[in-house]
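only the shape, not the letters, is given here:
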């Protein structure tokens, strides 16, 4: 598979400029958190920051990859969109209500917007929690956000790269349109992605979340050079879960499937049991018999969430067997579609997978004692509050703080 993301980890590790970097610019083990276990730099100034950027960025003559940066003033902050950080009982219900209430209260602001992605992007821009996560195409903007707040905390700039694939545009629209559902009970992947064709776009064309640049509809979003990472809901492999339980338990009577099994689903469960090696597809150890029975009775097994990685492994298996073609269409007569009505949509946001965090991201840390100096250096090149927030009140605040300290 030719992913749209190359492995940033291997690329950086193999560069001579990385190997010769001073030890002080490589993060010691105690500064590398479990949530960000990847190549991590430490800088004390803009000049060191630019030095790291030269190591990170590819200089391929024909490279079409775009680098995106996210600045966080506390290096312990997680990488989840704002709506996923809230303690809410039903994400779907809250997302549906908030978006529709915003549209009802300010229809003038959103008239003419026909794209669900553009709709969420504008709402995110004005502070509404959404399933989008802010990044910037400008590494200096990210550095500003990493240093502008929490002066006693280590700051982090996280970097990734991507190629926007136009084949994903419909998938991105489908994911952003999830706000139209106010209840995820019984919602299947096809209800979100419209059909299996777009489900394949979702699973095959990216190893993790998609990124897209929004319209720059005002000076703030333009100056911040915004780009958004889009987070879909988790998908639960209900057919895989049922097949796993049946394969490892003697009595079907002890299994709580969680749904009424139709003739088609019975055929599909048997088909999946015959062809799939669950231990290689799902990244977890074999469950012992006692625990297995407990989970089966409850109608669930830990980690039966389908990620990009697991779905791609399933896709490769059935494509290799000749059961499906590149577009996910069944090629074998009388064979069930191994993916139709298989994935149930969960009322939670899908986090970025650990394997992607390790291989497709890197971090640059700034210790608290260096934040003030870097902010002064950024101000000297006009990366400051009045540039990042060009609205009149922020310009006045910048002038006030500069002359009335």
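Nice, thanks for sending it over. Note that the coordinates shown come from a computational prediction; the quantities given were computed from them, not determined experimentally.

from the chain's centroid, how far away is stretch 87-99?
19 Å (C-alpha atoms, centre = their mean, to the nearest Å).

which residues are in contact with it?
With C-beta atoms under 8 Å, 6 or more residues apart in numbering as the test, stretch 87-99 has contacts from 83-84, 86, 119-120, 123, 128-131, 178-184, 233, 347-349. Placement of C-beta: from N, CA and C, glycine included.

go again using 7 Å as the cut-off
If you take C-beta atoms under 7 Å, 6 or more residues apart in numbering as the criterion, stretch 87-99 is touched by 83, 123, 128, 179-184, 347-349.

between those, which sits nearest residue 221?
Residue 221 has its nearest neighbour among the contacts of stretch 87-99 in residue 123, at 12.3 Å by C-beta to C-beta.

and the closest one, how far from residue 154?
31 Å (C-beta to C-beta, to the nearest Å).

how about residue 330?
On the measure of C-beta to C-beta, residue 330 and residue 154 end up 52 Å apart.

and if you look at residue 135?
Noted for residue 135: a distance of 20 Å to residue 154, by C-beta to C-beta.

what about the two, which has more around it?
residue 135 (26 against 21; other C-beta atoms under 10 Å).

tally of neighbours for residue 127?
Counted with other C-beta under 10 Å, the neighbours of residue 127 add up to 8.

again but with residue 332, I slipped
That count, for residue 332 with other C-beta under 10 Å as the rule, works out to 11.

my read: it touches residue 323, true?
Yes. With contact defined as C-beta atoms under 7 Å, residue 332 counts as touching residue 323 (5.0 Å).

what's the helix or strand containing residue 47 packed up against?
If you go by DSSP states H and E, residue 47 is part of helix 46-56. Secondary-structure packing of helix 46-56 (3 or more C-beta pairs under 7 Å, 6 or more residues apart in numbering; DSSP states H and E): helix 16-19, strand 40-43, strand 361-366, helix 368-380.

could you dump these into CSV with mean pLDDT, distance to residue 34 and mean neighbour count added?
Shown next, in CSV, are these (pLDDT from 0 to 100; distance: least, C-beta to C-beta, whole Å; neighbours: other C-beta atoms under 10 Å):
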stretch, mean pLDDT, distance to residue 34, mean neighbour count
helix 16-19, 91, 23, 12
strand 40-43, 98, 12, 22
strand 361-366, 97, 13, 24
helix 368-380, 97, 21, 16
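
mind putting these into JSON lines with distance to residue 170?
Shown next, in JSON lines, are the helices and strands packed on helix 46-56 (distance: least, C-beta to C-beta, whole Å):
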{"stretch": "helix 16-19", "distance to residue 170": "38"}
{"stretch": "strand 40-43", "distance to residue 170": "36"}
{"stretch": "strand 361-366", "distance to residue 170": "26"}
{"stretch": "helix 368-380", "distance to residue 170": "39"}
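
of the ones you listed, which is nearest residue 216?
Residue 216 lies closest to helix 368-380 among the helices and strands packed on helix 46-56, at 21.3 Å (C-beta to C-beta).

what's the next secondary structure element after the longest helix seen in the chain?
Ranked by number of residues, the top helix in the chain under DSSP state H is helix 91-105. Downstream of helix 91-105, the next assigned helix or strand under DSSP H and E is helix 107-110.

quick one: name whatever helix or strand follows that following helix.
Next along the chain after helix 107-110, taking DSSP H and E as the criterion, comes helix 116-125.

show me what whatever helix or strand comes next after that next one is packed up against.
Downstream of helix 116-125, the next assigned helix or strand under DSSP H and E is strand 132-136. Here strand 132-136 touches strand 66-72, helix 116-125, strand 226-230, going by 3+ C-beta pairs under 7 Å, 6+ apart.

next one: strand 132-136 to chain centre, how far?
Worked out by C-alpha atoms, centre = their mean, strand 132-136 lies 10 Å from the chain centre.

so it versus helix 116-125, what angle?
Compare the direction of strand 132-136 with that of helix 116-125 by axes from the mean of the first three to the mean of the last three C-alpha atoms, to 10 degrees and you get 80 degrees.

ok, residues contacting strand 132-136?
68-70, 79, 81, 120-121, 124, 142, 211, 224-231.

just the pLDDT for the closest residue to residue 78 other than its chain neighbours.
Among residues not flanking residue 78 along the chain, residue 35 sits closest, at 6.2 Å (C-beta to C-beta, 6 or more residues apart in numbering). Reading off the confidence values, residue 35 has pLDDT 94.

quick one: residue 35 is in a helix?
Yes. Looking at residue 35 with DSSP: H, G, I helix; E, B strand; the rest coil, it is inside a helix.

report the buried residues of the host helix or strand of residue 173.
For residue 173, the host element (DSSP H and E) is helix 169-176. By 16 or more other C-beta atoms under 10 Å, the buried positions in helix 169-176 come out as 170-176.

give me the number of residues near residue 258?
Residues lying near residue 258 (other C-beta under 10 Å) number 13.

what of the one 10 residues further on?
Burial of residue 268 is recorded as 23 neighbouring residues (other C-beta under 10 Å).

nearest spatial neighbour of it, chain-adjacent residues omitted?
Spatial nearest neighbour of residue 268, chain neighbours left out: residue 336 (4.7 Å); criterion: C-beta to C-beta, 6+ apart.

what sits against the one you found?
264, 267-268, 271.

and it, that one's in a helix?
No. Looking at residue 336 with three-state DSSP, it is coil, so not inside a helix.

where's it relative to residue 82, distance?
Distance, residue 336 to residue 82, by C-beta to C-beta: 40 Å.

now, among the contacts of residue 336, which is nearest to residue 308?
Ranked by distance to residue 308 (C-beta to C-beta), the contacts of residue 336 are led by residue 268 at 21.6 Å.

packing partners for whichever strand or helix holds the closest one?
Assessed by DSSP H and E, residue 268 sits inside helix 263-275. Applying 3+ C-beta pairs under 7 Å, 6+ apart, one finds that helix 263-275 contacts helix 238-248.

for the closest residue to residue 259 other than its chain neighbours, the count of nearby residues, please.
Among residues not flanking residue 259 along the chain, residue 238 sits closest, at 6.4 Å (C-beta to C-beta, 6+ apart). Residues lying near residue 238 (other C-beta under 10 Å) number 22.

which ones are touching residue 238?
By C-beta under 7 Å, 6+ apart, the contact set of residue 238 is 258-259, 342, 344.
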